[in-house]
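Q: make a model of this:
(one chain, ligands or ions: 1)
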Amino acid sequence: MAAHAAHAVVEGFSLQQVLAVLPIDEVARPNVQRLSFDVMRYLGLVQFWVQCFVEKPPAPWLQAMLWVSLTQLYLREEDEFTLVNQAVAAVEARRPHAKGLVNAILRRFLRERDAWEAAAQVDEVAAWNHPQWWIDQLKAQYPDDWQRILTVNNTRPPMTLRVNARLMDVAGYQALLAQDGRESVALSNLNGDALVLSQPCSVSVLPRFADGVVSVQDAGAQLSTQLLDVQNGMRVLDACAAPGGKTCHLLEHFDVELLALEKDEARARRIDENLLRLNLTAQVQVDDANLVKSWWDGVPFDRVLLDAPCSASGIVRRHPDIRWLREPEDLEGLAKQQRQLLRSMWQVLAVGGRMLYCTCSIFEDEGESVLAEFLSHTPNAQRMDLPLIRRVASSDGQLLPRVDDGLNHDGFFYAALVKVA
Ligand SMILES: C[S@@+](CC[C@H](N)C(=O)[O-])C[C@H]1O[C@@H](n2cnc3c(N)ncnc32)[C@H](O)[C@@H]1O
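A: Reported below is the predicted structural model:
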């Protein structure tokens, strides 16, 4: 199943889509997921090996079986002979004639591992497991940090929780987790509500998850609530709201009148589900934020959160297939959407009000460039300093993905704009 999933991603389907439709036995699902996600993190490497060391390219599914098996052998997390035997058994069940070939290639890897690894070092795609255009873009933008970013992108993500400030504080929730034998680390350097579990688990076993005491959300995403600078009683718009992570976090802190807009109806239902579980209230409306006349009653908003659709280049560790699905040309289309949304949302912001523009991208084309273009055409927009971002990221608004002590978060771009008279 993991080989089918890997092959489908190479054909252009997202892993999430594919894993939702493949006939996977529920007992096997967590392992299929793990194998599929792992192979995405090492796809450049294992494709390079198959290309270099397998003389005649095997059929697509067999190639994908080799990618999955080589990834697991490379990671050295399981007994290598068990892995080879199981890979061969899986091939035998579907393509009996290819069993010998797969057995020979995997055993050759075990014998020649050092040489295979050394060969991959001279190929950037194999060494960094990202497409060449992505590596080049990061090198140009972050000459000192590109290697660190790519390394973080290839790690398994932490399971980060947000404790519902209306019901409990982080220390209280850590105590509940400890009663169940679960260790966690508070990310108080970054955000007062965030903690990382030492071992990821299913939400169904998290204490009081069903009662809304806790949600799953990256610590970088949790910064939007502080950066929007909301006060009780304000009228707030979340213009691109699904699945509602940022909407719910805001409502866990403030009593505001909140409109959550979302273009995609199916995704909008997830905002409702989250509000219900967390016992919070907002007006959820399915609409295109750009069609201002169709949804706006003409009363300006004190705060607007614009969490725009983007390449998701900052959350690659959580969605390791993204890098293989995106094309460099996608960035211009996304930037166009972002510029359009900024212009539309500016119309509904009150004078003196604040808009927070954010994306989960680390590409300049979707952050600073979009903002510079907007500011050059909008004389009544003033960019605010964001000391919180400067403290943890030493830049104006670009948070790069990190896994240091106390700073474990995805990559985000944040910019706060005030509308002057
Ligand atoms: C980055 S996600 C938002 C994540 C959300 N803010 C959260 O924290 O859970 C962007 C969302 O914007 C929606 N979207 C894209 N274009 C839109 C538009 N023109 N109007 C409204 N929603 C839009 C997408 O369907 C997607 O759900």
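Q: list the contacts for N154?
A: 41-42, 128-129, 317, 320 (Cβ atoms under 8 Å, 6 or more residues apart in numbering). Quick note: C-beta positions are derived from backbone N, CA and C, even for glycine.
Q: okay if I get those residues as a markdown table plus pLDDT and distance to the ligand?
A: Shown next, in a markdown table, are the contacts of N154 (pLDDT from 0 to 100; distance: Cβ to the nearest ligand atom, whole Å):
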| residue | pLDDT | distance to the ligand |
| --- | --- | --- |
| R41 | 98 | 22 |
| Y42 | 98 | 27 |
| W128 | 98 | 26 |
| N129 | 98 | 24 |
| R317 | 97 | 16 |
| P320 | 98 | 18 |
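Q: in helices only, show me those.
A: Counted as lying in helices by DSSP state H, out of the contacts of N154, are 41, 128.
Q: so which residues of the stretch 51-200 of the chain form strands?
A: Shown for the stretch 51-200 of the chain, the strands assigned by DSSP state E, counting those that start in this stretch span residues 159-163, 184-186, 194-197.
Q: distance between the longest one and the chain's centre?
A: Computed by Cα atoms, centre = their mean, to the nearest Å, the separation of strand 159-163 from the middle of its chain amounts to 14 Å.
Q: returning to what we had before: want to throw the contacts of N154 into CSV with neighbour count?
A: Formatted as CSV, the contacts of N154 follow (neighbours: other Cβ atoms under 10 Å):
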residue, neighbour count
R41, 20
Y42, 22
W128, 22
N129, 27
R317, 20
P320, 25
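Q: most tightly surrounded among the strands of the stretch 51-200 of the chain?
A: strand 159-163 (a mean of 24; mean count of other Cβ atoms under 10 Å).
Q: ok, and what's touching that strand?
A: Contacts for strand 159-163 (Cβ under 8 Å, 6+ apart): 169-170, 172-173, 184, 187, 193-197, 199-201, 206, 213-219, 222, 245, 249, 252, 408-409.
Q: before we move on, back to that, got the strands of the stretch 51-200 of the chain as CSV, with distance to the ligand and mean pLDDT columns?
A: Below are the strands of the stretch 51-200 of the chain laid out as CSV (distance: least, Cβ to the nearest ligand atom, whole Å; pLDDT from 0 to 100):
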stretch, distance to the ligand, mean pLDDT
strand 159-163, 11, 98
strand 184-186, 21, 95
strand 194-197, 14, 96
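Q: go through the contacts of strand 159-163 and flag which are in helices.
A: 170, 172-173, 245, 249, 252.
Q: mind checking which of these are buried?
A: 170, 173, 245, 249, 252 (16 or more other Cβ atoms under 10 Å).
Q: hmm, the last one is touching M168, no?
A: Looking back up the chat, that one is E252. No - at 10.5 Å, E252 does not count as touching M168 under the criterion of Cβ atoms under 8 Å.
Q: helix/strand/coil for A350?
A: strand (DSSP: H, G, I helix; E, B strand; the rest coil).
Q: ok, the nearest residue to it once chain neighbours are set aside to the ligand distance?
A: Nearest non-adjacent residue to A350, counting by Cβ to Cβ, 6 or more residues apart in numbering: P300, 3.6 Å away. Applying Cβ to the nearest ligand atom, to the nearest Å, the value for P300 to the ligand is 18 Å.
Q: enumerate every residue touching P300.
A: By Cβ under 8 Å, 6+ apart, the residues touching P300 are 235, 348-351, 353.
Q: which among those residues end up buried?
A: 235, 348-349, 353.
Q: among these, which one lies nearest to P309?
A: V348 (18.4 Å; Cβ to Cβ).
Q: any idea what the closest residue in space to D169 that isn't next to it in sequence is bridged to?
A: Of all residues not flanking D169 in the chain, V163 sits nearest, at 6.6 Å (Cβ to Cβ, 6+ apart). V163 has these beta-bridge partners by DSSP bridges: V214.
Q: leaving out sequence neighbours, find the closest residue to Q340.
A: N290 (5.9 Å).
Q: no wait, R182
A: L197 (6.3 Å).
Q: and the longest helix seen in the chain, average pLDDT?
A: Using DSSP H to define each element, the chain has its longest helix at helix 99-120. If you average the pLDDT over helix 99-120, you get 97.
Q: give me the contact list for that helix.
A: 45, 48-49, 52-54, 58, 62, 65-66, 69-70, 73, 80, 83-84, 87-88, 91-92, 126-127.
Q: mind doing that once more with 10 Å?
A: 44-46, 48-50, 52-56, 58, 62, 65-66, 69-70, 72-74, 76, 80-81, 83-85, 87-93, 95, 126-127, 129 (Cβ atoms under 10 Å, 6 or more residues apart in numbering).
Q: of those residues, select the buried ones using a PyMOL command.
A: The buried residues among the contacts of helix 99-120 can be selected in PyMOL (16+ other Cβ under 10 Å) with this line:
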select buried, resi 44+45+46+48+49+50+53+54+58+62+65+66+69+70+72+73+74+83+84+87+88+90+91+95+126+127+129
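Q: among the contacts of helix 99-120, name the ones in helices.
A: 44-46, 48-50, 52-53, 62, 65-66, 69-70, 72-74, 80-81, 83-85, 87-93, 126-127.
Q: contact residues of the stretch 151-300 of the chain facing the ligand?
A: For the stretch 151-300 of the chain, the contact set with the ligand under Cβ under 6 Å from any ligand atom comprises 221, 240-246, 261-264, 267, 288-290.
Q: try 5 Å
A: Contact residues, the stretch 151-300 of the chain versus the ligand (Cβ under 5 Å from any ligand atom): 240, 242-243, 245-246, 263-264, 267, 288-290.
Q: and those residues, which are buried?
A: Going by neighbour count (16+ other Cβ under 10 Å), those have 240, 242-243, 245-246, 263, 289 buried.
Q: ok, and the closest non-adjacent residue to A87?
A: Per Cβ to Cβ, 6+ apart, closest to A87 is S69, 4.0 Å.
Q: then L356?
A: Taking Cβ to Cβ, 6+ apart, and ignoring the residues beside it in sequence, L356 has L228 as its nearest neighbour in space, at 4.7 Å.
Q: mind checking pLDDT for the closest residue to R390 other than its chain neighbours?
A: Spatially, and ignoring its direct neighbours in sequence, R390 is nearest to D396 (7.2 Å; Cβ to Cβ, 6+ apart). At D396, the model reports a pLDDT of 84.
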